[in-house]
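Colleague: Any chance you could fold what I've pasted below:
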Amino acid sequence: MKIASTLAWLRQHETIHVGDILLGIVVLGEGMGYTALQAAGVDINVLRHKLHPLPIDEYVPAPKLPLDGKSQRVLEQAWAESKTLGDDYVGTEHLCIAISRSNDEPAILMHSMGATADELQVHTLLFQAPYLEYIGEFERSRDKYKLALALAPNHPSANGDYAWMLSTCRHPSFRDGQRAVFLANEACQLTNFKRASCLDTLAAAYAEVGDFENAVNFATRAIAIASPERLDECAKRLELYRQKLPYRWVSNETPDQSTEIV
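Modeller: Predicted coordinates for the structure are as follows:
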């Protein structure tokens, strides 16, 4: 809330408004709230301009301002959102969801750019889950994926990302190839078999159940439409499938889990 307080003071507010909180998340330029907004399709530069079109120096010394009534309610809702997602803190991701769930002007702006509360919820869960898997908290990771799928059963990423864990998790107790094939196929159907990441996941799922013919087929299709940054990894997996080996996800880079705690 420190940045929000500074921004409120710079904008000549006597209290922190809901728009100040959202602008603070945008100005921060990192964290799960910021990333969830991007994943929901928000053009961050446009959002920042609509919230406050003038340049801002958020590092100037400023007094600490109190929350206004609407912002206090957003903070209370953020704690409720945190509990719903199984968390024990309030971060920028929970604040974004709470703001989007309100009836204030910033919420209307967010909705017009695709950042509904439901969409932000799902993206938050799908950012949290792989980090938990990375640090070995497999059950919590699986629970995040399950909740995302329960909240948005027709969301391609909710289906595909859960299928990825079920196909590639390094802990065998958390793999389920048959379920992975079903979910990955759902993700592909929801994207008309035109999203490389979904095809790549379906290939991994088929490899997990030992169907390497289909694994090679869908991995090849994924490579054909993959972005340049995905090509190397997709090609490495294709080679595994040609050798009749499944893929196991062991990340060399910690997933981004940065968040500002309120």
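Colleague: Please verify my assumption that Ile225 contacts Phe193.
Modeller: No - look at Ile225 against Phe193 with Cβ atoms under 8 Å: they stay out of range, at 9.5 Å. (Glycine included, C-beta is placed from N, CA and C.)
Colleague: all helices of the stretch 51-200 of the chain, in order?
Modeller: 69-84, 92-101, 105-112, 117-134, 138-151, 156-168, 177-190, 196-208 (DSSP state H, counting those that start in this stretch).
Colleague: okay, those in TSV with mean neighbour count and mean pLDDT next?
Modeller: Below are the helices of the stretch 51-200 of the chain laid out as TSV (neighbours: other Cβ atoms under 10 Å; pLDDT from 0 to 100):
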stretch	mean neighbour count	mean pLDDT
helix 69-84	18	97
helix 92-101	28	98
helix 105-112	17	96
helix 117-134	22	96
helix 138-151	19	97
helix 156-168	26	98
helix 177-190	20	98
helix 196-208	27	98
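Colleague: which one of Ile225 and Phe193 has more residues nearby?
Modeller: The residue with more neighbours, out of Ile225 and Phe193, is Phe193; 15 against 12, by other Cβ atoms under 10 Å.
Colleague: dump the residue contacts of that one.
Modeller: 199, 221 (Cβ atoms under 8 Å, 6 or more residues apart in numbering).
Colleague: rewinding a little: want to try JSON lines for the helices of the stretch 51-200 of the chain, with distance to Ser5 as columns?
Modeller: What follows is the helices of the stretch 51-200 of the chain, written out as JSON lines (distance: least, Cβ to Cβ, whole Å):
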{"stretch": "helix 69-84", "distance to Ser5": "10"}
{"stretch": "helix 92-101", "distance to Ser5": "14"}
{"stretch": "helix 105-112", "distance to Ser5": "16"}
{"stretch": "helix 117-134", "distance to Ser5": "23"}
{"stretch": "helix 138-151", "distance to Ser5": "31"}
{"stretch": "helix 156-168", "distance to Ser5": "34"}
{"stretch": "helix 177-190", "distance to Ser5": "42"}
{"stretch": "helix 196-208", "distance to Ser5": "39"}
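Colleague: wait, which of these is closest to Arg237?
Modeller: Proximity to Arg237 (Cβ to Cβ) singles out helix 196-208 among the helices of the stretch 51-200 of the chain, at 6.8 Å.
Colleague: which residues does His13 contact?
Modeller: 20, 65.
Colleague: same thing but 7 Å
Modeller: Residues near His13 by Cβ atoms under 7 Å, 6 or more residues apart in numbering: Asp20.
Colleague: Can I get stretch 161-179 in PDB, CA atoms only?
Modeller: The C-alpha coordinates for stretch 161-179 follow below in PDB (Å, rounded to 0.1, in the frame of the first residue of the first chain):
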ATOM      1  CA  ASP A 161      -2.100 -26.500 -17.400                       C
ATOM      2  CA  TYR A 162      -3.600 -29.200 -15.200                       C
ATOM      3  CA  ALA A 163      -3.000 -31.800 -17.900                       C
ATOM      4  CA  TRP A 164       0.600 -30.700 -18.000                       C
ATOM      5  CA  MET A 165       1.100 -31.500 -14.400                       C
ATOM      6  CA  LEU A 166      -0.700 -34.800 -14.700                       C
ATOM      7  CA  SER A 167       1.500 -35.700 -17.600                       C
ATOM      8  CA  THR A 168       5.000 -34.400 -16.600                       C
ATOM      9  CA  CYS A 169       5.200 -34.100 -12.800                       C
ATOM     10  CA  ARG A 170       8.400 -35.600 -11.500                       C
ATOM     11  CA  HIS A 171       6.500 -37.200  -8.600                       C
ATOM     12  CA  PRO A 172       4.800 -40.300 -10.000                       C
ATOM     13  CA  SER A 173       2.000 -40.200  -7.400                       C
ATOM     14  CA  PHE A 174       0.700 -37.000  -9.000                       C
ATOM     15  CA  ARG A 175       0.700 -38.200 -12.600                       C
ATOM     16  CA  ASP A 176      -2.500 -39.500 -14.300                       C
ATOM     17  CA  GLY A 177      -2.000 -40.100 -18.000                       C
ATOM     18  CA  GLN A 178      -5.600 -40.900 -18.800                       C
ATOM     19  CA  ARG A 179      -7.000 -37.900 -17.100                       C
END
